[in-house]
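>>> Give me coordinates for this.
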Amino acid sequence: MSDREGGRAAEGQDVRQAGDGDPGCDQHREHRCSHPVGEGAHGGQRRELSHFGVKVAIIEPGFFKTFVTNTSELTRNIQEAWDKASPEVKEAYGEMFLAHSLKGFGSLDKMCSQDLSLVTNCMEHALTACHPRTRYSPGWDAKLIYLPMSYMPTFLVDAIVKWSNPRPAKAM
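Numbers count the residues shown, from 1 in each chain. Coordinates of the predicted model:
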């Protein structure tokens with residue numbers, strides 16, 4: 001790992017996490033760590049760094065019970081954003097859009113896994129294994145829904161997401 005003085009440590013590889021730029025700016029670390037990053041976003045970096053002997057493991061977790069998926073916090077944030085929105089935005093989306101969005105967050109608690117060790121076990125394996133995998137998908141939702149969706153054509157994923165999400169009132 002790198003030492004704090006800015007030079008290289010005497011031994012060992014430099015292990016960093018996506019988004020680790022400013023060590024003092026970690027207030028949103030859970031947000032960055034909990035969302036699937038995806039091969040598309042880091043595939044280029046992974047291939048580029050392989051020329052320097054760096055192996056990148058991508059961890060794409062499903063939904064886990066963390067501060068980021070706290071339904072009361074999400075609901076409060078959505079309601080605050082709605083309250084601050086202009087009348088034009090409120091008219092374009094409509095009250096039904098807000099109601100459907102808030103209702104969708106209610107089912108999030110049932111989807112979230114409480115076993116965070118699934119993610120930390122993937123991290124441990126990626127850091128300590130002789131032959132770590134390129135991609136990890138902790139959680140059944142990641143394995144059965146999000147990973148297959150990442151291999152689907154974009155137009156099909158867009159159709160699925162569009163079908164399952166609420167529609168704004170003034171949508172075309």
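>>> mind listing what's buried in the top helix by length along the chain?
For the chain, the helix that runs over the most residues, judged by DSSP state H, is helix 87-106. Using 16 or more other C-beta atoms under 10 Å as the burial criterion, the residues of helix 87-106 that qualify are 93-94, 97-98, 101-102, 105. All C-beta atoms are positioned from the backbone trio N, CA, C, and that covers glycine.
>>> could those residues go into a markdown table alongside pLDDT and distance to residue 50?
Listed next are these as a markdown table, based on pLDDT from 0 to 100; distance: C-beta to C-beta, whole Å:
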| residue | pLDDT | distance to residue 50 |
| --- | --- | --- |
| 93 | 92 | 44 |
| 94 | 91 | 49 |
| 97 | 90 | 44 |
| 98 | 88 | 46 |
| 101 | 85 | 41 |
| 102 | 86 | 44 |
| 105 | 80 | 40 |
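>>> Check which helix or strand residue 131 maps to.
Taking DSSP states H and E as the criterion, residue 131 maps to no regular element, lying outside all helices and strands.
>>> What is the neighbour count of it?
When neighbours are defined as other C-beta atoms under 10 Å, residue 131 has 6 of them.
>>> so how far is residue 44 from residue 153?
Look at residue 153 and residue 44: by C-beta to C-beta, to the nearest Å, they are 20 Å apart.
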